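S.K.: Need a 3D model of the following:
(one chain, ligands or ions: 1)
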Amino acid sequence: MTDPTAAADEAARAAAKALQESGVSADADTIKLLFTEARTHYGWQDRDVSEETLRALYDIAKMGPTSMNQQPMRVVFIQSEDAKDRLEPCLMETNRPKMRTAPVTAIIAYDLNFWEELPTLFPPNPAAQDIFKNNSTAAQVNAFRNGTLQGAYFMLAARAVGLDVGAMSGFDNAKVDEEFFHGTSLKSNFLVNLGYADTSKIFRRLPRLAYDVACQTL
Ligand SMILES: Cc1cc2nc3c(=O)[nH]c(=O)nc-3n(C[C@H](O)[C@H](O)[C@H](O)COP(=O)(O)O)c2cc1C
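M.R.: The predicted structure follows:
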């Protein structure tokens, strides 16, 4: 009888080899769409984002790597007027209209109890849970690190499905946590406005650090 784990390992190796040998790389338009021409947006067209698009976005973003496959990110899509009314007082004044006009604002949160899922998410180490169960510092560091990485994957995935994004950290995290996550193990990280941009609202591009400033080779 075939061992299903060994068969899955073999299939994964064959898929990785096929990808490597295909020589595929991102084309120039994809690099523009995700990075070099993409901008952070502050104004939005009056055009809805479908649930199908949000699901497609998440299904791409979830594939980005996290330590021990922890996947601590949790997302709350703020769409209704009622939910916007609850979020608005938590934001810096200048960020309120950006959220208000966006068809959807995602609260990118992380779950401090992400480790409860590890028996399913990381079966190679059946004791993985124990690393975090009684160590709230390790749980916090890992939830924040990997939840933030997933937030970045989320923004790039949004661009990949044709949405524009505008991230915001100008808000009171404690207030958002009280309003949306009271009595839970979830904590807010940052917000991402999502939709189809009103491109008239952006400013000139700000400089990026050069390779020789930001990078070194040892
Ligand atoms: C995590 C994060 C938090 C941000 N917070 C705010 C914010 O609170 N308000 C705001 O107007 N812009 C915010 N920004 C936007 C940044 O200033 C912007 O992404 C950056 O200047 C690069 O702009 P560009 O993508 O158009 O080149 C934030 C961006 C990120 C990634």
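S.K.: what about stretch 32-51 and the ligand, any contact?
M.R.: Yes: counting by Cβ under 6 Å from any ligand atom, the ligand has neighbours in stretch 32-51: 39-40. Every C-beta, even on glycine, is put in place using the N, C-alpha and C of the backbone.
S.K.: my guess is residue 140 meets residue 112, correct?
M.R.: Yes: applying Cβ atoms under 8 Å, one finds residue 140 in contact with residue 112, separated by 6.3 Å.
S.K.: Do you have the strands of the protein handy? List them.
M.R.: 73-78, 104-111, 164-168, 186-195 (DSSP state E).
S.K.: Tell me which of those lies nearest to the ligand.
M.R.: strand 164-168 (3.4 Å; Cβ to the nearest ligand atom).
S.K.: packing partners for that closest one?
M.R.: Helices and strands touching strand 164-168, by 3 or more Cβ pairs under 8 Å, 6 or more residues apart in numbering; DSSP states H and E, are helix 96-101, helix 136-160, strand 186-195.
S.K.: out of residue 140 and residue 112, which sits in the busier spot?
M.R.: residue 112 (18 against 14; other Cβ atoms under 10 Å).
S.K.: How about the more buried one, nearest residue that isn't a chain neighbour?
M.R.: residue 185 (4.5 Å; Cβ to Cβ, 6 or more residues apart in numbering).
S.K.: Neighbours of the one you found, how many?
M.R.: Look at residue 185: counted by other Cβ under 10 Å, it has 16 neighbours.
S.K.: so who does it touch?
M.R.: Neighbouring residues of residue 185 by Cβ atoms under 8 Å, 6 or more residues apart in numbering: 111-113.
S.K.: on that earlier part again, packed most tightly, which of the helices and strands packed on strand 164-168 would that be?
M.R.: A comparison of these by mean neighbour count, using mean count of other Cβ atoms under 10 Å, puts strand 186-195 on top with a mean of 24.
S.K.: Dump the C-alpha coordinates for that one into PDB.
M.R.: The C-alpha trace of strand 186-195 is given here as PDB (Å, rounded to 0.1, in the frame of the first residue of the first chain):
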ATOM      1  CA  LEU A 186      -7.200  38.700  17.900                       C
ATOM      2  CA  LYS A 187      -5.200  42.000  17.700                       C
ATOM      3  CA  SER A 188      -5.300  44.600  15.000                       C
ATOM      4  CA  ASN A 189      -2.100  45.200  13.000                       C
ATOM      5  CA  PHE A 190      -2.900  47.600  10.200                       C
ATOM      6  CA  LEU A 191      -5.700  48.500   7.800                       C
ATOM      7  CA  VAL A 192      -5.900  48.200   4.000                       C
ATOM      8  CA  ASN A 193      -8.300  50.200   1.900                       C
ATOM      9  CA  LEU A 194      -9.300  48.200  -1.100                       C
ATOM     10  CA  GLY A 195     -11.100  49.200  -4.300                       C
END
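S.K.: check whether it contacts the ligand.
M.R.: Yes: counting by Cβ under 6 Å from any ligand atom, contacts between strand 186-195 and the ligand involve residue 190.
S.K.: Mind listing the strands that strand pairs with, and their directions?
M.R.: Using DSSP bridges, the strands paired with strand 186-195 are strand 104-111 (antiparallel), strand 164-168 (antiparallel).
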